[in-house]
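Chemist: Fold the following and give me the result.
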Amino acid sequence: MGVLPVALRLREACARKTSVAITREEVRRVAALARLRLEPAEEERLTADLDHILEAFARLSTVDTRAVEPTAHVDDFGAYLRDDVATNPPAGDEPLANAPASQGRFFRVPRIIE
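Modeler: Residues are numbered from 1 along each chain as shown. Okay, the predicted model is just below:
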């Protein structure tokens, strides 16, 4: 069984306000998709952990939130940005003065593509 059928089962379970259990086979399938090799004890632990997480979401889905104002973020921090003011760039060789290596008017950097 793939990830999509699991997601659909979860969505249906939340709509019905019932719980859905994750099977070991589903844990194995997701681990294979993530290219993870799990020991049997890890499969068992992850299955139990995912079941606990789904139970928590099932409990959350029973909370009446009709009177709660929707929010995109808990705190309205806004964006703390500096003023957009044009400045003159450093002149001449000043930007290259602290570079570990330069060639002409360019920075030299280690090669990263083979």
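Chemist: Only the buried residues of stretch 39-49, if you could.
Modeler: Leu46, Thr47 (16 or more other C-beta atoms under 10 Å). Quick note: C-beta positions are derived from backbone N, CA and C, even for glycine.
Chemist: ok, now stretch 23-34?
Modeler: Buried residues in stretch 23-34 (16+ other C-beta under 10 Å): Glu26, Val27, Arg29, Val30.
Chemist: Redo those as CSV? Include distance to Ile112, pLDDT and secondary structure.
Modeler: Shown next, in CSV, are the buried residues of stretch 23-34 (distance: C-beta to C-beta, whole Å; pLDDT from 0 to 100; DSSP: H, G, I helix; E, B strand; the rest coil):
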residue, distance to Ile112, pLDDT, secondary structure
Glu26, 39, 92, helix
Val27, 37, 94, helix
Arg29, 36, 94, helix
Val30, 33, 93, helix
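Chemist: Throw those residues into TSV and include distance to Gln103, thanks.
Modeler: Putting the buried residues of stretch 23-34 into TSV (distance: C-beta to C-beta, whole Å) gives the following:
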residue	distance to Gln103
Glu26	56
Val27	54
Arg29	52
Val30	49
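Chemist: now for those, which pair is the farthest apart?
Modeler: Val27 and Arg29 (7.3 Å; C-beta to C-beta).
Chemist: Where does pLDDT dip in the chain?
Modeler: Applying pLDDT under 70 to the chain picks out residues 1-19, 73-74, 76.
Chemist: would you list every one of the strands in it?
Modeler: In the chain, the strands defined using DSSP state E lie at 102-103, 106-107.
Chemist: Which one, of these, ends up nearest to Glu44?
Modeler: With C-beta to C-beta as the measure, strand 106-107 is the member of the strands of the chain nearest Glu44 (53.1 Å).
Chemist: The closest one pairs with which strands?
Modeler: In the sheet, strand 106-107 lines up against strand 102-103 (antiparallel) (DSSP bridges).
Chemist: on that earlier part again, Phe57: which of the buried residues of stretch 23-34 is nearest?
Modeler: Taking C-beta to C-beta as the measure, Phe57 lies nearest Glu26 of the buried residues of stretch 23-34, at 15.9 Å.
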